[in-house]
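Asker: The following comprises the amino acid sequence and a computationally predicted model.
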Amino acid sequence: MRLLNRRIGEIDTSLIERIQSLSIEQLENLGEALLDFSSVADLETWLNQQSI
């Protein structure tokens, strides 16, 4: 969460809840993917591509 906040700014509570429901493997993938994020929209797109 700290890395995401630093990369794209404040994250909405609904997105935080979605991130908290991710599996360990998905969190690891998110850790790599966030390096390419430039906005919250990138995070939302990534989350929508996951099977949550």
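Answerer: Cool, got the structure. Residues are numbered from 1 along each chain as shown.

Asker: confidence score at Ile52?
Answerer: Reported pLDDT at Ile52 in the predicted model: 52.

Asker: would you list every one of the helices in the chain?
Answerer: Using DSSP state H, the helices of the chain run over residues 2-8, 13-20, 24-33, 40-49.

Asker: buried set for the last one?
Answerer: By neighbour count, and taking 16 or more other C-beta atoms under 10 Å as the criterion, the buried residues in helix 40-49 are Leu43, Trp46, Leu47. C-beta: built from backbone N, CA, C; applies to glycine.

Asker: got the contact list for the first one?
Answerer: Under the criterion of C-beta atoms under 8 Å, 6 or more residues apart in numbering, the contact list for Leu43 reads Leu4, Ile8, Ile11, Leu15, Leu34, Phe37.

Asker: Ok, the second one next?
Answerer: If you count contacts by C-beta under 8 Å, 6+ apart, Trp46 has them with Leu30, Ala33, Phe37.

Asker: how close does the first one get to Leu15?
Answerer: This means Leu30. 11 Å (C-beta to C-beta, to the nearest Å).
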